[in-house]
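Mind folding the following:
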Amino acid sequence: MLKELKREAYEANLLLPKHGLINLTFGNASAIDRSREIFAIKPSGVDYDELQPEDMVLVDLEGEKVEGKLKPSSDTATHRRLYLGFKKIGGIVHTHSSCATAFAQAGRAIPCLGTTHADYFHGEIPVTRKMTATEIARAYEWETGSVILERFKRLDPLDSPGVLVNRHAPFTWGPTVAKAVEVAIAVECCAYMALMSLGLAPRLKGIEPELLHKHFKRKHGPGAYYGQKNRS
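All right, here's what the predicted structure looks like:
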């Protein structure tokens with residue numbers, strides 16, 4: 001099962017450059033086995049063209065490396081913090097996709113301006129506060145996760161499956177790492193469309209609450225009816 005976990009994480013990581021979400025070696029994806037409390041994550045600084053399934057590093061929720069010859073991603077502590085804080089998620093993706101990162105660097109949430117956005121997020125894509133100098137110096141990657149959890153004290157991580165870290169870039173998550181990749185693609189798409197829409201209409205207001213709720217709930221929750229339930 002751990003071999004399959006590595007493959008799952010490996011395939012998710014390869015999707016990031018494929019969908020234009022990664023430049024150079026920026027970003028990473030991880031997948032967790034909740035029964036074993038072990039997650040597989042991309043090794044630090046390895047080029048995506050050279051990446052192999054066996055390169056994935058296994059880490060437990062105590063932060064100890066369980067298996068792997070290479071050093072895990074520098075963002076491993078952030079992933080671990082999120083897995084500990086969001087008990088229902090099964091995968092995490094971190095990218096530096098251009099449009100979403102522009103919003104993050106500006107410290108601005110991505111407003112929900114239309115139904116494409118509403119299909120994935122029940123409102124804006126939130127942004128964290130800036131990290132303090134003490135947090136940055138103390139345990140930067142772990143504190144990045146803590147700042148994300150702080151932002152979600154009053155938010156449901158399943159209704160808002162991603163965040164912009166102020167001055168940094170987006171993180172997304174889902175019940176599987178494949179779903180976290182899908183959300184990362186959607187976040188970049190929504191960021192691009194928001195930039196375009198605000199360029200055309202700088203005073204554009206957010207989507208009407210009724211339309212937001214309708215589009216989100218037709219895809220999420222017990223009353224969802226979008227898609228095929230029993231497609232063979």
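
Quick check: the residue nearest the centre of the chain vs residue 103, distance?
The centroid of the chain falls nearest to residue 172 when counting by C-alpha atoms, centre = their mean (1.2 Å). Counting by C-beta to C-beta, to the nearest Å, the separation of residue 172 from residue 103 is 14 Å. Any C-beta I mention is one placed from the backbone N, CA and C, and that applies to glycine too.

Kindly report the same for residue 144.
17 Å.

Could you report the distance from the residue nearest to the centre of the chain to residue 1?
24 Å.

Repeat that for residue 68.
16 Å.

more neighbours, the two?
The residue with more neighbours, out of residue 68 and residue 1, is residue 68; 17 against 9, by other C-beta atoms under 10 Å.

quick one: contacts for that one?
Listed by C-beta atoms under 8 Å, 6 or more residues apart in numbering, the contact set of residue 68 reads 43, 55-58.

Can you add distance to residue 199 and secondary structure and give those residues back as a markdown table?
Conversion of these to a markdown table gives the following (distance: C-beta to C-beta, whole Å; DSSP: H, G, I helix; E, B strand; the rest coil):
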| residue | distance to residue 199 | secondary structure |
| --- | --- | --- |
| 43 | 39 | strand |
| 55 | 41 | helix |
| 56 | 40 | coil |
| 57 | 42 | strand |
| 58 | 45 | strand |
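
any idea which of those residues has the most stuff around it?
Compared across the contacts of residue 68, residue 56 has the highest neighbour count, 30 neighbours, by other C-beta under 10 Å.

returning to what we had before: which SS class is the residue nearest to the centre of the chain?
Of the three states, residue 172 takes strand under DSSP: H, G, I helix; E, B strand; the rest coil.

so what's it up against?
Residue 172 neighbours (C-beta under 8 Å, 6+ apart): 92-95, 161-163, 180-181, 183-184, 187.
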